[in-house]
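# quick check, what structure comes out for this input:
(one chain, ligands or ions: 2)
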Amino acid sequence: MHDVTALKALLQEPRRIFITTHHKPDADALGSSLGLAGYLRKKGHQVTVVTPSDYPDFLSWMPGNEDVVVFEPGRNDRRIQDILDQCDVLFCLDFSALGRINELGEYVRRARATKVLIDHHEQPEPFADLAFSFPSAAATAELVFEIIRDLGDQALITPEIGECLYAGIMTDTGSFRHPSTSRNVHMIIAELLDAGINLSAVHRRIYDSHSEERLRFLGFVLKDKLRVLREYNTAYIAITADELRQYHSKTGDTEGLVNFALSIEGIVFAAILIDRVNAVKISFRSVGEFSVSEFSRRHFNGGGHHNAAGGISYEPLDAAVQRFLDLLPEYQTQLVTAPLTV
Ligand code: 5GP
Ligand code: MN
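Ligands and ions are numbered 1, 2, ... in the order given. Below you'll find the model as predicted:
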């Protein structure tokens, strides 16, 4: 049970509520935000969900998506400030550091509203007035479910709200295969099924809704871009800006690619480095004891979870790749001896 006394008091009367989540929201970021928004609206609150960037088309089916405001610095700053000025409560979902919401971070830091963090990333920054921070949780959507339940409102979870939450839990557990997939997770899914969610429809909307071009891009990446370094049990992929252009890559088209690198037998560490507009964005994944959040924090200005983390580099792509490769010898012993379970 979560201690929801303070939150309950905060939501006692109708509030104006601002919900935000991390840069390039994934299914857990958007699903937990829209699930919470759906619930809060049913309770009579006025809610605006603001994302710090756009997000993949395969998330646009989520109920409430049509009302999401995407922050575009230089274009709708005034509007965002107005919404923030008017809100009483500000929820921060699925991130633990204000740097993860780009320019929106400063707006949130300055906002006078009561800030509530709901998150499962490691090392939370202390910017919230009320924090539900549980790095052992499988997904932020899991925490949102529990908080609604502990507020005594599980009966208000409609199939629409449930499907947003299910999407977050399904994706952040890697479709129920990561070690975070606890008994509790499965029990929550059982509750969501009772609430009437269509689990296979959610799966199909997220995983089986690729464009033909995205699939061709995947073929190209696997055939020509995947590098396997057996001596380090490591595999990586580096994608140039030209290659992204050539395949008309859209937001979300590179999501999940890193998992293919990790799916090779014997590989315990995988990375993908992508040359984005202002920086090289990196995703790290591991199996077992090797901590990619620590690796990313130490070397690539990032963080996340033990087995899934992200980072950033402001070097040219080639230099970032070279630095990544130069780091591997330092970790060789760990990478070849690390147990496969945590
Ligand atoms: P992804 O590789 O899918 O972008 O992110 C993997 C996990 O690490 C997610 O939980 C994501 O929120 C987190 N993450 C991604 N990029 C960063 C980053 O630059 N800094 C931190 N602290 N976490 C990140
Ligand atoms: Mn998450």
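# residue 278 falls within a helix, correct?
No - read with DSSP: H, G, I helix; E, B strand; the rest coil, residue 278 is coil and lies in no helix.
# using the three-state scheme, assign residue 273.
Per three-state DSSP, residue 273 ends up strand.
# beta partners of it?
Counting by DSSP bridges, residue 273 forms beta bridges with residue 238, residue 282.
# so it makes contact with residue 321?
Yes - assessed by CB atoms under 8 Å, residue 273 is found in contact with residue 321 at 5.8 Å. C-beta here means a position set from N, CA and C on the backbone, and glycine is covered the same way.
# what's the neighbour count on the closest residue to ligand 1 within the chain?
Ranking the residues of the chain by distance to ligand 1 (CB to the nearest ligand atom) places residue 310 first, at 2.0 Å. By other CB atoms under 10 Å, the residues close to residue 310 number 23.
# pretty sure residue 132 is in a helix, no?
No - read with three-state DSSP, residue 132 is strand and lies in no helix.
# surely it and residue 2 touch.
Yes - assessed by CB under 8 Å, residue 132 is found in contact with residue 2 at 6.2 Å.
# what is in contact with these two at once?
143, 147 (CB atoms under 8 Å, 6 or more residues apart in numbering).
# same drill for the two, tell me which one is more crowded.
Taking other CB under 10 Å, residue 132 and residue 2 do not tie; residue 132 has more neighbours (22 against 14).
# skip the chain neighbours and tell me the closest residue to the more buried one.
residue 118 (4.6 Å; CB to CB, 6 or more residues apart in numbering).
# okay, residue 273 and residue 321: which has more neighbours?
Shown here are residue 273 and residue 321; by other CB under 10 Å, residue 273 has more neighbours (25 against 20).
# for this structure, what lies in contact range of ligand 2?
28, 94, 140, 172 (CB under 5 Å from the ion).
# farthest-separated two in those residues?
Within the residues of the chain next to ligand 2, 94 and 172 form the most distant pair, 8.8 Å apart (CB to CB).
# overlap of the contact sets of those two?
28, 140.
# so where's the stretch 151-300 of the chain uncertain?
In the prediction, the stretch 151-300 of the chain carries no residues with pLDDT under 70.
# what ranges do the helices span in it?
According to DSSP state H, counting those that start in this stretch, the stretch 151-300 of the chain carries its helices in the segments 159-172, 183-194, 199-207, 212-220, 241-246, 257-262, 292-299.
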